[in-house]
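> requesting a structural model of the entry that follows:
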Amino acid sequence: MTAELITWLHEQINVDEATAADQPPELWLPDGLTPESPLAALYAPARTIAMKRDVLAAWRDPDHADLGDYEALHSDWAVRVLALTSYSDRPGYRTEWAPDDE
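Below is the predicted model:
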């Protein structure tokens, strides 16, 4: 895992957070769902952003710092998948950050 990837991901998540703060709920809700619906909270950008920050926090956890440990490799994979699935279309993404198929 590179420090550049972690730094870049933090930047992308910060952009998401700033963008979400300026948007009305109707923009992030699926068609047919209103902000008053109990399901609306599932689509809240704050929830998604918090989950992405949790993935990065799990990677930084000292208990997962040993790359010889399965859990560390799993955390590494999760960070790479986050970058690929959420941000690979943004400037600065590097294909070398994609998770290995193994």
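
> against Trp59, how distant is Thr95?
Going from Thr95 to Trp59 by CB to CB, to the nearest Å gives 20 Å. For every residue, glycine as well, the C-beta is placed using N, CA and C.

> and the helix or strand harbouring Trp77, what does it pack against?
Per DSSP states H and E: Trp77 is located in helix 70-87. Secondary-structure packing of helix 70-87 (3 or more CB pairs under 8 Å, 6 or more residues apart in numbering; DSSP states H and E): helix 3-21, helix 45-60.

> any stretches of this protein with poor pLDDT?
Within the chain, the segments meeting pLDDT under 70 span 1, 62-74, 101-102.

> same thing but at 90, please
In the predicted model, the chain carries pLDDT under 90 at residues 1-3, 20-32, 34-36, 38, 40-48, 50-51, 54-78, 99-102.

> find the nearest non-adjacent residue to the most centrally placed residue in the chain, please.
Note on the chain: the residue nearest the mean C-alpha position is Lys52, at 3.3 Å, using CA atoms, centre = their mean. Among residues not flanking Lys52 along the chain, Ile13 sits closest, at 5.2 Å (CB to CB, 6 or more residues apart in numbering).

> distance of Pro24 from Glu4?
34 Å.

> these two: which has the busier surroundings?
Counted by other CB atoms under 10 Å, Pro24 and Glu4 do not tie: Glu4 has more neighbours, with 11 against 8.

> pull the contacting residues for the more buried one.
By CB atoms under 8 Å, 6 or more residues apart in numbering, the contact list for Glu4 reads Arg94.
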